[in-house]
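J.: how does the following fold in three dimensions:
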Amino acid sequence: MDERIQLYESKMQKSYMSLEEEYASIRAGRANPHLLDKLKVNYYGTPTAIQQVANISVPEARMIQIQPWESSLIKEIEKTIMQSDLGLTPNNDGKVIRLVFPELTEERRKELVKDIKKKGEAAKVAVRNIRRDANDAFKKLIKSSDVSEDEVKILEEKIQKLTDKYVADIDKAVEAKSKEVLTV
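T.: Below you'll find the predicted structure:
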């Protein structure tokens with residue numbers, strides 16, 4: 001494949017992967033350890049991912065258990081979770097922190113689906129902006145007379161096919177995550 005196309009495809013790929021990461025952090029009533037991926041605790045003055053200072057497990061469908069390797073970190077991890085946007089209250093017994101996920105209400109599920117669709121739409125806009133940037137770059141190639149108009153048409157068609165592919169992938173991801181959230 002043409003390296004001019006590959007550059008833009010990798011950008012589209014990154015937009016899609018970013019959406020997938022965001023979806024991993026949306027809780028669907030089931031415990032998912034990836035919810036903690038973005039949270040950092042102060043570990044000897046360094047912001048560190050919880051996964052790097054504790055053992056994280058899912059003993060039940062609606063519970064995450066966090067067992068810090070150093071008991072002194074319990075308060076720090078608890079504080080980080082309380083300050084996050086997870087909306088969960090951690091329980092600890094001095095050794096282990098438990099996050100219990102309440103059953104999602106119908107209203108909350110619908111709010112989550114709206115949020116999922118909004119994030120999907122933003123990802124599609126990002127992909128279309130990449131297409132626009134690519135087409136602008138290809139038009140500049142004509143002006144600098146490096147390539148013919150026919151070659152630019154071919155490049156534009158390839159970018160359009162990539163755009164269609166990623167938009168379809170995003171739609172599938174939105175559909176799958178919405179279905180997951182709405183499943184009781």
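
J.: please make it C-alpha for all contacts and neighbour counts, starting now.
T.: Fine.

J.: just the pLDDT at the nearest residue to residue 68 once chain neighbours are set aside, thanks.
T.: Closest residue to residue 68 apart from its sequence neighbours, by Cα to Cα, 6 or more residues apart in numbering: residue 54 at 3.8 Å. Looking at residue 54, its pLDDT is 87.

J.: same deal with residue 90?
T.: Listed pLDDT for residue 90 reads 85.

J.: give me every residue that touches the closest residue to it other than its chain neighbours.
T.: Leaving aside its sequence neighbours, residue 90 sits nearest to residue 99 (Cα to Cα, 6+ apart; 5.1 Å). Residues near residue 99 by Cα atoms under 8 Å, 6 or more residues apart in numbering: 63, 64, 65, 88, 89, 90, 91.

J.: can you pull out the strands in this protein?
T.: 40-43, 46-49, 54-60, 63-68, 91-92, 97-100 (DSSP state E).

J.: which of these sits most buried?
T.: strand 63-68 (a mean of 22; mean count of other Cα atoms under 10 Å).

J.: show me what that one is packed against.
T.: With contacts taken as 3 or more Cα pairs under 8 Å, 6 or more residues apart in numbering; DSSP states H and E, strand 63-68 sits against strand 54-60, strand 97-100.

J.: save those strands as JSON lines, and put in distance to residue 118 too.
T.: Converted to JSON lines, the helices and strands packed on strand 63-68 look like this (distance: least, Cα to Cα, whole Å):
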{"stretch": "strand 54-60", "distance to residue 118": "29"}
{"stretch": "strand 97-100", "distance to residue 118": "27"}
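
J.: residue 136 is nearest to which of those strands?
T.: Minimum separation from residue 136 across the helices and strands packed on strand 63-68 (Cα to Cα) falls at strand 54-60, 47.1 Å.

J.: who's in contact with that closest one?
T.: 31, 32, 33, 64, 65, 66, 67, 68, 69, 70.

J.: what's the closest of those residues to residue 177?
T.: Closest to residue 177, out of all of the contacts of strand 54-60 and judged by Cα to Cα, is residue 32, at 13.4 Å.

J.: show me what contacts the closest residue to residue 128 other than its chain neighbours?
T.: Closest residue in space to residue 128, ignoring its immediate chain neighbours: residue 163 at 6.7 Å, by Cα to Cα, 6+ apart. Residue 163 is in contact with 12, 127, 128, 131, counting by Cα under 8 Å, 6+ apart.
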